[in-house]
Every structure is written in structure tokens, then in C-alpha cells.
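**Q** Okay, sequence plus prediction incoming.
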Amino acid sequence: MSKTVTVKLSDEVYDTLLAMSKESGTPLEVLALRWITKYGPKPVPQRTEQERLAARRSLLEWAGRGKGGDPNGSDNARIDADLAKEYQDNHESGD
């Protein structure tokens, strides 16, 4: 079953669709529908509780595995001190 929807477009979007319509010979409504169909929201697949838990376990296996080049990269006190130092520096050259 299909439904009719009225959409309010900004002048800029409408003008762009109109120009594309004239250039391609495709009705403006068809262009808008194609865009919505291709880029618009997609339905979220319904998963069972077991499937959701399995997906969560799979995701959590990767949690915390990323490593930066600095062994102290997540030291919040050091990060705060570095930020404070940078905010105090006006970065003006003495040259």
C-alpha cells in the first residue's frame, strides 16, 4: 500500500531539484522520491533478545583494544596540565 506525503522544501533545495529535473527530463517528484528511497531512513531490523546479546558481546570484545602511541595518553591529570599550559601560551613568536 502506498501513502501520499506532502513535503515542505527550502527554496534552495527546491531550486536544485527543479534544475536537476529540467536537465534530466525527470519529474521533480521522482527525483525527490529517489533521493528519499536511497538516502532516507531505513527500518531497523527486529532482533531477538538472544541476537541482541550476541551482537553486544561481539562489540564488547573490541572495547579497550585501541592503543595510542603514548603510554600515558589516557592520563587525565596530565592531559589537563597540558591543556592548561597551552591555554596560557599566547603563541606569539619573540622574533
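**A** That came in fine, so what should we check first? Worth saying up front: this structure is predicted, and the values here are computed from it rather than measured.
**Q** Tell me where the chain is predicted with low confidence.
**A** 93-95 (pLDDT under 70).
**Q** Try it again at 90.
**A** Residue ranges of the chain with pLDDT under 90: 1-3, 5, 43-45, 62-79, 82, 87-95.
**Q** what are the ranges of the helices in it?
**A** For the chain, the helices defined by DSSP state H cover 11-24, 28-39, 49-60, 76-88.
**Q** what's the first one packed up against?
**A** The one in question is helix 11-24. Using 3 or more CB pairs under 8 Å, 6 or more residues apart in numbering; DSSP states H and E as the contact test, the elements touching helix 11-24 are helix 28-39. For the C-beta atoms, the positions are set from N, CA and C on the backbone; glycine is no exception.
**Q** residues making contact with the helix it packs on?
**A** The set of residues external to helix 28-39 that reach it, using CB atoms under 8 Å, 6 or more residues apart in numbering, is 7, 9, 17-18, 20-21, 24.
**Q** got the angle for it vs helix 11-24?
**A** 110 degrees (axes from the mean of the first three to the mean of the last three CA atoms, to 10 degrees).
**Q** can you dump the C-alpha coordinates of helix 28-39 into PDB?
**A** Taking C-alpha atoms only, helix 28-39 is exported to PDB below (Å, rounded to 0.1, in the frame of the first residue of the first chain):
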ATOM      1  CA  LEU A  28      10.900  16.700  -9.700                       C
ATOM      2  CA  GLU A  29       8.700  14.400  -7.600                       C
ATOM      3  CA  VAL A  30      10.500  11.400  -9.000                       C
ATOM      4  CA  LEU A  31      13.900  12.800  -8.100                       C
ATOM      5  CA  ALA A  32      12.800  13.600  -4.600                       C
ATOM      6  CA  LEU A  33      11.400  10.100  -4.100                       C
ATOM      7  CA  ARG A  34      14.600   8.500  -5.500                       C
ATOM      8  CA  TRP A  35      16.700  10.500  -3.000                       C
ATOM      9  CA  ILE A  36      14.400   9.700  -0.100                       C
ATOM     10  CA  THR A  37      14.400   6.000  -1.000                       C
ATOM     11  CA  LYS A  38      18.200   5.800  -1.400                       C
ATOM     12  CA  TYR A  39      19.400   8.100   1.500                       C
END
